Every structure is written in C-alpha cells, then in structure tokens.
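Enquirer: quick one, structure for this:
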Amino acid sequence: MSAPVLDDLHIAATASSPAVEALAGDGCLRIAGESYPENAFAFFSPVLTWVDAYLETPDRPLRVELELTYLNTSSIKCMMDLLDGLELAHAGGREVRIVWFYDPENDRALDLAEEFREDLALPFEIVPRALHGEPA
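Expert: Numbering: from 1, shown residues only. The predicted structure follows:
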C-alpha cells in the first residue's frame, strides 16, 4: 500500500511571521523572515505537522533551508522542537540537511544560526546569502 500524497504547505510572510514553503515533491522546507507572531505555537503547528507527515514516508531526504533574521523566545522554542525532531530522524537513518542562509552584514543572524548548530548533531551548514547566488 502506497503512502498518501502529502500536500505542499505555503504560508505567506506577515510583518511578524516568516514565509514558509514546504514542497513534498522536492523534499524541501523553506522558512524565511522574522518570527515574532502573537502565538508562535499556533503559527508553527502546521509546519511541525507537515514535517511529521513527511518523515512518515520512508527513504526520502529532507533539506531544510532557513533564512531567519529574528526569532522571539517562543519562536526559538518552536524552532528547537522542529530541529530536535529532525535530529531524531537523522539519528534514525533519515537523510536530513539544514542550510541556514544569512546576510553577512547581520551578525545577530549568524550568531543565531551558530547557536542552533551547536545544539544539534546533524548536517547543518551556515551560508552567507551572497554565496547562494543572490546579492547580500
């Protein structure tokens, strides 16, 4: 019996929440922007649900591209929940890769990425935005 088809997830950015694009066919989750929504847990809930559903499909790698410039405390907690789940999947043999893009002129964004990377045991690359082929 084949696994059910997973829908893509698209959440438009707002002044206080990041854009989210989760593409099941590409095995890619992208989150970009600032994150300080009134209720971070409600905002990130569909993202966590999508990732859990994606990880139920065996043998599919997942690439997570992050470009977060600011996270409030509750958003940091939600992001750690997401990354901890990905770390468990990686420890269980799933191919998971995190790529965190940052503006080289934003030291806070780089510090944030480095703090997350220090807490995780999975492939986690930190890339200046200019090296990604777009102007910094």
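Enquirer: residues making contact with the lengthiest helix in the chain?
Expert: Under DSSP state H, the helix in the chain containing the largest number of residues is helix 73-91. Residues from elsewhere that reach helix 73-91 (Cβ atoms under 8 Å, 6 or more residues apart in numbering): 35-37, 39-41, 43-44, 47-48, 51-52, 55, 62, 64, 68, 71, 96, 98, 116, 119-123. Using the backbone N, CA and C atoms, a C-beta is placed for each residue, glycine as well.
Enquirer: just these: which are in helices?
Expert: 40-41, 43-44, 47-48, 51-52, 55, 116.
Enquirer: what's the ChimeraX syntax to select whichever of those residues are buried?
Expert: Burial among the ones in helices among the contacts of helix 73-91 is assessed by 16 or more other Cβ atoms under 10 Å; the matching ChimeraX selection reads:
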select :40,43,44,47,51,55,116
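Enquirer: which of the ones in helices among the contacts of helix 73-91 sit farthest apart?
Expert: Ala40 and Leu55 (21.4 Å; Cβ to Cβ).
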